[in-house]
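K.L.:
Sequence and predicted structure below; questions after.
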Amino acid sequence: MSLDPQIQIFINHLRAERGLSANTIDAYSNDLNQLSSLLLASTKAKEISWSKVNEPTLETIIIELKNAYYSDTSIARKLASLKSFFRFLHEENIVHSNPAEKLKVRRPTRTLPNSLSEQDIVRILNASSKRSGLEGYRDRAMFEVTYAAGLRVSEVVGPQGLQQSSLNLDDGWIRVTGKGSKERLAPVYPGIIELLRFYLNDIRPNLLARSKKSRRLTSALFVNSQGSSMTRQGYWLILKKTAAREGLEGKLSPHTFRHSFATHLLNGGASLRHVQNLLGHANISTTQIYTHLTDSQVREAFNKAHPRA
């Protein structure tokens, strides 16, 4: 389904003027495309006249989302996309009023991120090496660098993932492209440097050489068996299979390594500000959720150990 013309103009604005990541733009596009489909269905119109959309119509759409059992978090995100869209239309004088301005939904409950113990992280890393062939070495390097630097999956693989040029192994740094295409330098420890050198010099060239697409060389650091850049979906599938071999799949999310990295650093005495910088968080309040996680672990240990708890 092609995008509504006004939505397309808004998406072009996000891409050109807001500097948002490709993943964020895709989320906006998908949300607004779904909402426009619901609007067309509710009004039985062939196309949407955005200037005629009013607040009661949008409230009806929110009710439909709730009836379809979307979570509060998903509905809140879709509403945020809708608010941004109508704010843009209003500022560009495409609509005379903003019907989404006063819309509210129940604020989603903030959940603590999944985090694995240091022992379980080691189990997953070791399990990745057990995969036969070149892929096992690649998986180990891919997971190790994710945990070592606390990276988002989208910062490791995909359009904004690590490139060969991202590595400065002599000085022990990698250049990371985060949300909003913001770059940061992330330190890595000596063991990771040697692992990445081995992957770059011995594993990656052989993965490319055996592929029929090897002539169409990619600059991506991590490649799949077809010689193309590893995707986020491919990374997640490999991680789930690796964790399943250790019976840890139920504790997993795409950001498990990142969450564990932050929690382990704070448990080890790192300051909140340092962890914020390493994670690339623009606001320290985002990092503070990990202090709640460590607090809950302290409480759990207290309840188990104290004789009168």
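P.N.:
Looks like it arrived, so ask away. Residues are numbered from 1 along each chain as shown.
K.L.:
Identify the residues contacting Leu20.
P.N.:
Applying Cβ atoms under 8 Å, 6 or more residues apart in numbering to Leu20 gives the contacts 14, 28, 180. Quick note: C-beta positions are derived from backbone N, CA and C, even for glycine.
K.L.:
at 6 Å instead, please
P.N.:
For Leu20, the contact set (Cβ atoms under 6 Å, 6 or more residues apart in numbering) comprises 14, 180.
K.L.:
And the pLDDT for Ser74?
P.N.:
Model confidence at Ser74, given as pLDDT, is 86.
K.L.:
Repeat that for the one 3 residues further on.
P.N.:
With respect to pLDDT, Arg77 scores 89.
K.L.:
buried set for the helix or strand encompassing it?
P.N.:
Taking DSSP states H and E as the criterion, Arg77 maps to helix 72-91. Neighbour-count burial for helix 72-91 flags 75-79, 81-86, 88-90 (criterion: 16 or more other Cβ atoms under 10 Å).
K.L.:
do stretch 63-74 as well
P.N.:
Here stretch 63-74 shows 65, 70 as buried, counting by 16+ other Cβ under 10 Å.
K.L.:
Do me a favour and get the end-to-end distance for it?
P.N.:
13 Å (Cα to Cα, to the nearest Å).
K.L.:
ditto for stretch 179-186
P.N.:
End residues of stretch 179-186 are separated by 15 Å (Cα to Cα).
K.L.:
where does the helix holding Arg77 sit relative to the chain's centre, distance-wise?
P.N.:
In terms of Cα atoms, centre = their mean, to the nearest Å, the centre of helix 72-91 is found 20 Å from the chain centre.
K.L.:
Against which helices or strands is that helix packed?
P.N.:
Counting contacts by 3 or more Cβ pairs under 6 Å, 6 or more residues apart in numbering; DSSP states H and E, helix 72-91 packs against helix 22-43.
K.L.:
For the helix it packs on, list the C-alpha coordinates in CSV.
P.N.:
Output in CSV follows, covering the C-alpha atoms of helix 22-43 (Å, rounded to 0.1, in the frame of the first residue of the first chain):
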residue,chain,number,x,y,z
ALA,A,22,16.0,4.8,9.3
ASN,A,23,14.4,2.6,11.9
THR,A,24,12.6,5.5,13.6
ILE,A,25,11.4,6.7,10.2
ASP,A,26,10.1,3.2,9.4
ALA,A,27,8.2,3.2,12.7
TYR,A,28,6.6,6.5,11.9
SER,A,29,5.7,5.3,8.4
ASN,A,30,4.2,2.0,9.6
ASP,A,31,2.2,3.7,12.4
LEU,A,32,0.7,6.4,10.2
ASN,A,33,0.0,4.0,7.3
GLN,A,34,-2.0,1.8,9.7
LEU,A,35,-3.8,4.7,11.2
SER,A,36,-4.7,6.1,7.8
SER,A,37,-6.1,2.7,6.8
LEU,A,38,-8.3,2.7,10.0
LEU,A,39,-9.5,6.2,9.2
LEU,A,40,-10.4,5.2,5.6
ALA,A,41,-12.3,2.2,6.9
SER,A,42,-14.2,4.2,9.5
THR,A,43,-15.2,7.0,7.1
